[in-house]
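[1] Let me see the structure of the following:
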Amino acid sequence: MNPMCPLLAAPPLQVTPRVSLLHCFLLASSTLSPVMPPCADEWAVVERRGPHLRASGRPFVVHGFNTYWLMYFAADPATRPAVTAAIAEAADAGLNVCRTWAFNDGGHRALQIKPFSYDEEVFQGLDFVISEARRHKMRLILSLCNNWDDYGGKAQYVRWGKDAGLDLTSDDDFFTDPTIKGYYKAFVKAVLTRINTITNEAYKDDPTILAWELINEPRCPSDPSGDTLQAWIEEMASYVKSIDPVHLLEIGVEGFYGPSTPELLCVNPDDYSGHVGTDFIRNHRALGIDLASVHVYSDTWLPHSVEENHLQFVKSWMQQHIDDAANLLGMPILIGEFGVSLKDGKFGSEFRETFMKTVYNIFLSSWKSEVLGGGCLVWQLFPESAEHMDDGYAVIFAKSPSTLNLLANHSRSLEC
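    Numbers count the residues shown, from 1 in each chain. The predicted structure follows:
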């Protein structure tokens, strides 16, 4: 998702003590005890076994959420409590994976100030995110770059290249220029080999991290054949695995079918999406990719607001990708983002919950029949203290008791 949220200075957080609605809902009959980090025996790395995931010898299913700003908030002590709140409230609801940005390229609170130069305070913010996730038994999917301009992304890499005198004409040069690719690789190495100042463990050795993501929603419309993006995926997947062969790796694509499967172009939401340089089947056959990435945004992909048609699209879109992940790719599926915006009044909260139930039920059906594993991550969950960052998709725990109940019910459905 393109958050379209400005990088704002940290706002003051509410400091009035309060009991979270989430705690009241789930823990009314119990006394809250200190959160203890998991012991090593129960906190093994998540592994892929064909189309399924396992951890500590047991099946592992992703019941996840997106909160992209965790590192950004953690870099400032004034906003750091919102990070703990986001992770803790999601954990209390039974969610077990958070997808978040491990990048901020240029601009305010940048992790990567410029190529080969990184802000230690922001890196310590990411250290905090990882340590808090572990403390609350929350796994992380860490994305390493953005296709969109928010938080820098590939456009910032190209600007850095131009500043260095490179002859670049398009943001898509991010995928082909050797110098730009060198910038990206240097950043990836800096993140993967980072020693956490809180846990004293290298990121690449920390089982809290479920997977790395190469780039959020990559597109390369300058080459609709898909060759350019495919070459980049293959090169960068190999590079990541050369540094960290243990953790899982996913691309971050939206799931559009491309030229390698012309018979499936009709599954895409429109004609344009088949010409943006991505190719679901071909992309995921790249050596080193472990999870089949798919996003679901019928509210922005489809031009109308007929609710039943949106639900029908979700069903066909997800089922096709589940079938292909299981039968053609032999890997788990990761619905890395899905949601409905309430911003423009096109849809209401009741439809959003119906949409979420539809996504969960389709995945549950395949998982319970042992077709494949993986899971789903809703875009996105926020504590009250971060409500000002809402892009229209945010579920605010304290204001969404029925959605909270939906999430808790799905968690119970996944109990092995």
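[2] Tell me where the stretch 51-200 of the chain has strands.
    Counting by DSSP state E, counting those that start in this stretch, the stretch 51-200 of the chain has strands at residues 52-55, 58-59, 62-66, 97-101, 112-114, 117-118, 139-143.
[3] Determine which residue lies closest to the centroid of this structure.
    For the chain, the residue nearest the mean C-alpha position is Arg99 (3.6 Å; CA atoms, centre = their mean).
[4] Looking at the strands of the stretch 51-200 of the chain, which is nearest to Lys357?
    Closest to Lys357 of the strands of the stretch 51-200 of the chain is strand 62-66 (CB to CB; 13.7 Å). In this view, the C-beta of every residue, glycine as well, is placed from N, C-alpha and C.
[5] What helices and strands are in contact with that closest one?
    With contacts taken as 3 or more CB pairs under 8 Å, 6 or more residues apart in numbering; DSSP states H and E, strand 62-66 sits against strand 97-101, strand 333-338, strand 374-379, helix 401-413.
[6] looking at the ones you listed, which is closest to Ala110?
    Distance to Ala110, taken as CB to CB, is lowest for strand 97-101 among those, at 11.7 Å.
[7] Just name whatever secondary elements that closest one is in contact with.
    When contacts are defined as 3+ CB pairs under 8 Å, 6+ apart, strand 97-101 sits against strand 62-66, helix 70-74, helix 80-92, strand 139-143, strand 374-379.
[8] what's the neighbour count on His304?
    9 (other CB atoms under 10 Å).
[9] got the CA positions of the top helix by length along the chain in CSV?
    Counting by DSSP state H, the longest helix found in the chain is helix 349-368. Extracted as CSV, the C-alpha positions of helix 349-368 are listed here (Å, rounded to 0.1, in the frame of the first residue of the first chain):
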residue,chain,number,x,y,z
SER,A,349,-17.1,-0.3,8.7
GLU,A,350,-19.7,-3.1,8.3
PHE,A,351,-18.5,-3.8,4.8
ARG,A,352,-14.9,-3.7,5.9
GLU,A,353,-15.6,-6.4,8.4
THR,A,354,-17.4,-8.5,5.8
PHE,A,355,-14.4,-8.0,3.5
MET,A,356,-12.0,-9.1,6.2
LYS,A,357,-14.1,-12.2,7.1
THR,A,358,-14.1,-13.1,3.4
VAL,A,359,-10.3,-12.9,3.2
TYR,A,360,-9.9,-15.0,6.4
ASN,A,361,-12.5,-17.6,5.4
ILE,A,362,-10.9,-18.2,2.0
PHE,A,363,-7.5,-18.7,3.5
LEU,A,364,-8.9,-20.9,6.4
SER,A,365,-10.6,-23.2,3.9
SER,A,366,-7.3,-23.9,2.1
TRP,A,367,-5.3,-24.1,5.3
LYS,A,368,-7.7,-26.5,7.1
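[10] Distance from the chain centre to that helix, please.
    Relative to its parent chain, helix 349-368 has a centroid offset of 18 Å by CA atoms, centre = their mean, to the nearest Å.
[11] now stretch 309-316
    That offset, for stretch 309-316, works out to 22 Å (CA atoms, centre = their mean).
[12] what are the ranges of the helices in the stretch 101-250 of the chain?
    Under the criterion DSSP state H, counting those that start in this stretch, the stretch 101-250 of the chain carries helices at the ranges 120-135, 153-163, 178-192, 227-243.
[13] cool, and the stretch 251-400 of the chain?
    For the stretch 251-400 of the chain, applying DSSP H, counting those that start in this stretch gives helices covering 280-284, 298-301, 307-324, 349-368.
[14] Please name the residues that touch Phe338.
    295-297, 355-356, 359, 376-379 (CB atoms under 8 Å, 6 or more residues apart in numbering).
[15] before we move on, what about Ala44?
    So Ala44 contacts 55-56, 207 (CB under 8 Å, 6+ apart).
[16] Sort these by pLDDT and name the bottom one.
    Across the contacts of Ala44, the smallest pLDDT goes to Ser56, namely 93.
[17] For burial, what's the neighbour tally of that residue?
    Neighbours of Ser56 (other CB under 10 Å): 15.
[18] how about the nearest residue to it, chain neighbours excluded?
    Closest residue in space to Ser56, ignoring its immediate chain neighbours: Ala44 at 4.5 Å, by CB to CB, 6 or more residues apart in numbering.
[19] Would you agree that neighbour falls within a strand?
    No: under DSSP: H, G, I helix; E, B strand; the rest coil, Ala44 falls outside any strand and is assigned coil.
[20] Can you tell me how far it is from Leu168?
    44 Å (CB to CB, to the nearest Å).
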